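Quick one, fold the following:
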Amino acid sequence: MPQNLLSSPLSALEQRDAFIDRHLGPCAVERPPMLAALGVDSVETLIAQTVPAGIRLAAPLALGEPVPEHEALAELKAIASKNVLKKSLIGMGYYDTLTPKVILRNVMENPGWYTAYTPYQAEIAQGRLEALLNFQQMVIDLTGLELANASLLDEATAAAEAMTMARRIAKVKSQAFFVDEAVFPQTLDVVRTRAEYFGFELIVGPAEDAPHHEVFGALLQYPNERGEVVDPSAAIAGLKAKGAVVAVASDLMALVLLKSPGALGADIALGSAQRFGVPLGFGGPHAAFFATRQAHVRAMPGRIIGVSKDARGKTALRMSLQTREQHIRREKANSNICTSQVLLANMAGMYAVYHGPQGLRTIAARIHRLAAVLAEGLRSAAYTLRTDAFFDTLQLLTGARTDALYAAAQAAGFNLRHLDGHGLGISVDEKTTAADVAALLGALGAPADIAALDAAVAARGGNLPTGLLRDDAILSHPVFNTHHTEHEMLRYLKRLQNRDLALDHSMISLGSCTMKLNATSEMIPVTWPEFADIHPFAPAEQTAGYRELLDGLAAQLRAITGFDAICLQPNSGAQGEYAGLVAIRRYHAANGQGQRNVCLIPRSAHGTNPATAQMCGLEVVVVDCDDNGNVDLPDLEAKAARFADRLAALMITYPSTHGVFEENIREICAAVHRHGGQVYMDGANLNAQVGLTSPATIGADVSHMNLHKTFCIPHGGGGPGMGPIGLKAHLAPYMADHAVAPTGDEARPQAGQGAVSAAPFGSASILPISWMYITMMGGRGLRQATEIAILNANYVATLLKDHYPVLYSGGQGRVAHECILDIRPIKAATGITEVDIAKRLMDYGFHAPTMSFPVAGTIMVEPTESEDKGELDRFIAAMISIRAEIHAVEDGRLPADDNPLKHAPHTQADLLGDWNRPYSRSEAAFPLPWVGENKFWPSVNRIDDVYGDRNLFCACVPMDAYAD
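Residues are numbered from 1 along each chain as shown. Got it, this is the predicted structure:
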């Protein structure tokens, strides 16, 4: 052992900042040659050449020193222990559930599943796509409709999407939408917010009254928030007779036993898949389901997984109808949804795969039986119940005794729903036991013989209306009838995982998507019971740990962004955009400026920006960009002046979507402010700001933060995400509140303002990830992360610029944290496209960079700070090797239509069959020497996108199709 270590003081041996070097890819030995390649002597010099001096922070971030991993975990465990775990029988769309451990360990806690990206590159995402197809099939079966998407964010926002979809497809002229008064209150809250900015009139009343109104659509709840199971078919028929579109919010577990919404006549069905094995998590993340009739496929929000075929004719899966994505349709997009809840949808789908139809029927029947036994015991003790027909939820009319009975139940370990002083709600779930029912009856002064009650209930067949019992088959596909032992399930999950390329295999260099390390220490707390098993509407005195976590994270984000307030409710980046623009609209209205309805958006902006603006009732005015990719300042100033009386906001991304720090960003913000507008900054590129500058310093009034990008929440194969917003003081009073659980103290300025997500703090259970990241890095580490992200991007750009033109750079020739490589000259000369390069990269073991965004015919590379020099060099070598293959086409050494790029990706089937191509098998599959050391084999060849859209099929296919 070196003598100097033995002689060092203890303080030098503590390694309190060790996590920084665990997170950052290039080590101290690797950085000097990288800097030398750039022609600079230090990281500081590079940053000076990249980030304009006028926006640099004057002082270090006001965050603590880095904390070692084990200490950060211990500190967070102490915070978590302040949460009180009781059995929450509150219901309202959130129910405790038993996550099968084989799914918990092998999906939720498995980086092979949670570090993957959205399956845009379908050939290396076949496992995830099959899991999502299972989810869609499960939803199709249980809802009785022909088409389901691959999940939405939560039940309330799914209901809001149903409302806007109804407006798109309804033929009637009415601008009114009917909402059943018995929907969950948080659903009504979110729908009300969304309706306001679309200009819809909401009519709220009893479901049976819906046909009496002239509306374009309606939302009914079945079973409803009171627990009642009432036949809605007459109301549905009456509405449809008038041309209205009918959406039914439902419960998948109840639909195991009950007639489906499709069978009752509904056009749309929606709800939460949470109780299919996904923890409560204080409100999320949870996958919402959404189904409709085949005729409405073009109007459906979200992603749809469909069946196609590959170049060999083999069955292959892909995201269908991808041209509906926001980057294509922009302000004409159906919605601004960019992420879904893929990881959670996969868990819910696998829950159905593992239990199968008979297992689900048993679980659902047991839940109902316990609820019926509880009801029988309460009635025998002279309690008055609001309904005789229910699935799992009871409401008791308790009058003056309500508070005392509520307290007695809590003392016995149960959280019930307090119904404003006149009653109690009780929802039985999968974790409820017969002993729990007995204990609760005793606490409510109704001790009873459970066996006798059970016999009485069994004799009459429970409390579901016989006319609404399901009589059709569900989940008959073999996938739901095969994997019921743990061995079978484990191997099925592993088989699917092996078909997906995730961060546990190699770099995913997606520009604008920041696929950085999701450290194990950050992930561990997510499944702690103290975080995972808390109901979002649990009493405040039981959630002190969560409040401390939320307050701590908000303080960290304030220090990082420079904003005065943080709203943690939005559960995706697109939801953050929406929440930010809603705050701006509320601010203008409060100041008598409600006519301000113009939103300036640069031509280079993320596609969600114009989609979000139109959702907020704003008129989009596009601002040009100059030849260097910067916002055209004269054009912006002219349009800001032209629309001065109506200017609401500018939406801008910084660094720009073109991957550079624009020098005139302060002038851009000042021009908007001069004309009375507010500046919304898209936080997609925040990873290039942290510790060097901040949105508030730049001049933004509000910004969302993609916690699934900059702050290390994993992408989960396309979700979950979190998109909290930061606001300056003048906008803070206008951020989202929540109708059920207030998001601040009694004096909060936003009291009573509508919510944007179902849960008060969005997907709260994944917020420990970002708290851990920031705590372990400290202010110093966060700044280093940003600096190394910029170093890595410039290293890639510099070593590739002689092979692929770098489209945009700053005044001193530097890019920010990402760079755009121009493929258009290659396409013009050879016919090789960015798609061909993307597919060929799979043969080298890499996921492609972002294609054709923000400029068609380009690829955008973002390596992040977490990739070391070795991985960067492998990617660079792959790109240079691909360029050599393209030169062979240019020189005529390879045919333009018969070369490694046009046939990519190559599978094992290619190598085993006849070979008559003008390049070797080795060149196809092992194009560089190191590829074989960690070979990733795509499971299908290039997928035929056109075939998949022309022959749309979005359900599980017969098993023999895979065999063929």
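
thought D624 was touching E637?
No - under the criterion of C-beta atoms under 8 Å, D624 is not in contact with E637, lying 11.7 Å apart. (Each C-beta comes from the backbone N, C-alpha and C, glycine too.)

Quick one: low-confidence residue ranges for the chain.
1-3, 322-334, 959-964 (pLDDT under 70).

how far away is G857 from I832?
Separation of G857 from I832 (C-beta to C-beta, to the nearest Å) stands at 11 Å.

between the two, what contacts are shared?
I823 (C-beta atoms under 8 Å, 6 or more residues apart in numbering).

give me phi/psi at the closest residue to F391 other than its chain neighbours?
Spatial nearest neighbour of F391, excluding adjacent residues (C-beta to C-beta, 6 or more residues apart in numbering): A254 at 4.3 Å. Taking degrees, to the nearest 10, you get phi -60, psi -40 for the backbone angles of A254.

And for H704?
phi -100, psi 160.

And for the closest residue to it other than its chain neighbours, the neighbour number?
Once flanking residues are discounted, H704 sits nearest to G576: 2.8 Å by C-beta to C-beta, 6+ apart. Residues near G576, counting by other C-beta atoms under 10 Å, number 32.

what sits against G576?
With the criterion set at C-beta under 8 Å, 6+ apart, G576 makes contact with P570, G683, H704, M705, N706, G723, P724, I725.

Mind checking which of those residues are in strands?
Taking DSSP state E, the ones among the contacts of G576 that sit in strands are H704, I725.

In TSV: the contacts of G576, plus distance to L10 and neighbour count.
Formatted as TSV, the contacts of G576 follow (distance: C-beta to C-beta, whole Å; neighbours: other C-beta atoms under 10 Å):
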residue	distance to L10	neighbour count
P570	45	30
G683	41	28
H704	43	29
M705	38	29
N706	40	27
G723	43	32
P724	39	31
I725	43	33
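
any chance of the contacts of G576 in JSON lines, plus distance to T612?
Below are the contacts of G576 laid out as JSON lines (distance: C-beta to C-beta, whole Å):
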{"residue": "P570", "distance to T612": "11"}
{"residue": "G683", "distance to T612": "13"}
{"residue": "H704", "distance to T612": "10"}
{"residue": "M705", "distance to T612": "15"}
{"residue": "N706", "distance to T612": "14"}
{"residue": "G723", "distance to T612": "11"}
{"residue": "P724", "distance to T612": "15"}
{"residue": "I725", "distance to T612": "12"}
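
For the stretch 351-500 of the chain, which segments count as helices?
All helices of the stretch 351-500 of the chain, identified by DSSP state H, counting those that start in this stretch, fall at 402-411, 434-443, 450-460, 486-497.

and what of the stretch 51-200 of the chain?
69-80, 101-103, 111-114, 126-143, 155-169, 185-198.

Among D624 and E637, which residue is more densely surrounded?
E637 (18 against 15).

ok, G423 touching L396?
Yes - using C-beta under 8 Å, G423 is in contact with L396, at 5.5 Å.

Give me the spatial nearest neighbour of T393, chain neighbours excluded.
If the residues on either side of it in the chain are set aside, T393 comes closest to G227, at 2.9 Å by C-beta to C-beta, 6+ apart.

ok, that neighbour to Y383 distance?
Shown here: G227 relative to Y383, a distance of 14 Å by C-beta to C-beta.

Now do the SS call for M681.
Classification of M681 using DSSP: H, G, I helix; E, B strand; the rest coil returns strand.

I'd like the distance between it and G580.
Distance from M681 to G580, by C-beta to C-beta: 9 Å.

quick one: which of these two has more around it?
Between M681 and G580, G580 has the larger neighbour count (other C-beta under 10 Å), namely 34 against 30.

Who are the contact partners of the more buried one?
Here G580 is in contact with Y680, V702, S703, H704, I725, L727 (C-beta under 8 Å, 6+ apart).
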